[in-house]
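[1] Here is a sequence with its predicted model. Questions after.
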Amino acid sequence: MTEPESQPVTAPEPSPPTPAAAPPTPAAASPTPAAPPRPHSASPPSIPAQATTSPTPPPPARAVCGNGAVEPGEQCDDGNTSDGDGCSSKCTTEAPARPLAIESRALELQRVSGNTDIQPSRQARAAMLRDGVTSVKAAVRMCVDTAGHMVDSTLTERTGYTEYDSKILEAVHDWQFRPYVLNGTPLSVCSTVEFVYLPK
């Protein structure tokens with residue numbers, strides 16, 4: 001038996017590769033519109049600050065001691081520049097000097113005004129006559145400052161008739177004096193003045 005002649009086996013040729021599908025083309029993105037430029041607001045030009053200066057006030061007037069007005073820098077001002085009256089010649093307070101006691105005649109020489117003929121009222125005089133008195137006397141202690149002003153008047157002896165005593169005190173309160181000066185310095189002085197009345 002004759003074996004069949006073998007036939008060469010031909011390998012099938014490989015089929016060409018199928019080309020891969022091209023990737024999808026991305027859609028072109030639509031361009032984003034650019035934001036419009038913001039308008040530039042022009043700021044007003046800066047003005048440099050100017051320093052403001054207040055006018056310098058004038059210096060206070062210098063105090064004048066002795067003019068009667070208490071001004072800056074003064075503790076007192078009694079209208080004079082004498083020491084020993086409570087306000088010194090530099091217008092600083094001081095303990096007032098003790099008044100100088102003088103004779104009534106010396107004080108009388110300094111008096112420039114004031115009534116000395118002090119009469120009682122008709123009623124007081126009638127009471128004196130009714131009481132049978134021949135005289136009444138009053139004594140007043142009075143003190144005068146360095147300017148000649150009465151600063152104190154006190155009855156140290158009374159007449160016994162109140163109305164007449166009050167009239168005497170009222171009258172002497174209005175007396176005016178020249179300053180009592182000793183060694184060129186005005187002094188405060190005190191003295192006692194007597195009043196004698198003879199009812200008729």
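    The structure has been received and is ready for your questions.

[2] element containing the nearest residue to Ala101 once chain neighbours are set aside?
    Take Ala101 and drop its neighbours on the chain: the residue closest to it by C-beta to C-beta, 6 or more residues apart in numbering is Cys190, 5.6 Å away. (Glycine included, C-beta is placed from N, CA and C.) Applying DSSP states H and E as the criterion places Cys190 in strand 189-197.

[3] What helices and strands are in contact with that strand?
    Contact analysis of strand 189-197 by 3 or more C-beta pairs under 8 Å, 6 or more residues apart in numbering; DSSP states H and E lists strand 100-101, helix 104-110, strand 136-144, strand 150-157, helix 162-172 as its packing neighbours.

[4] repeat that with 10 Å
    strand 100-101, helix 104-110, helix 122-131, strand 136-144, strand 150-157, helix 162-172, strand 180-182 (3 or more C-beta pairs under 10 Å, 6 or more residues apart in numbering; DSSP states H and E).

[5] Which stretch among those approaches Gly66 most closely?
    When the helices and strands packed on strand 189-197 are ranked by proximity to Gly66, the top entry is strand 180-182, at 16.7 Å, counting by C-beta to C-beta.

[6] avg pLDDT for that closest one?
    For strand 180-182, the mean per-residue pLDDT is 92.

[7] Please pull out the lowest mean pLDDT helix or strand from the chain.
    Within the chain, confidence by mean pLDDT, DSSP states H and E is lowest for strand 185-187 among all helices and strands, at a mean of 90.

[8] Quick check: buried residues in it?
    For strand 185-187, burial by neighbour count (16 or more other C-beta atoms under 10 Å) applies to Pro186, Leu187.

[9] Next: stretch 71-82.
    Neighbour-count burial for stretch 71-82, counted by 16+ other C-beta under 10 Å, picks out Glu74, Asp77, Asp78, Asn80, Ser82.

[10] what does stretch 124-141 give?
    For stretch 124-141, by 16+ other C-beta under 10 Å, it's Ala124, Arg125, Ala127, Met128, Val136, Ala138, Ala139, Val140.

[11] re earlier: residues touching the residue nearest to Ala101, list them.
    By C-beta atoms under 10 Å, 6 or more residues apart in numbering, the residues touching Cys190 are Arg98, Pro99, Leu100, Ala101, Ile102, Leu107, Arg141, Met142, Cys143, Val144, Val151, Asp152.

[12] who does it bridge with?
    The partner list for Cys190 in beta bridges (DSSP bridges) reads Ala101, Cys143.

[13] Please apply the same query to Glu157.
    Counting by DSSP bridges, the residues bridging with Glu157 are Ala139.

[14] Run through the residues that contact it.
    Taking C-beta under 10 Å, 6+ apart as the definition, contacts of Glu157 comprise Lys137, Ala138, Ala139, Val140, Arg141, Asp165, Thr192, Glu194, Phe195.

[15] Ok, Val193 next?
    Contacts of Val193 were listed using C-beta under 10 Å, 6+ apart, and they are 104-105, 107-108, 111, 116, 138-142, 153, 156, 168, 172, 175.
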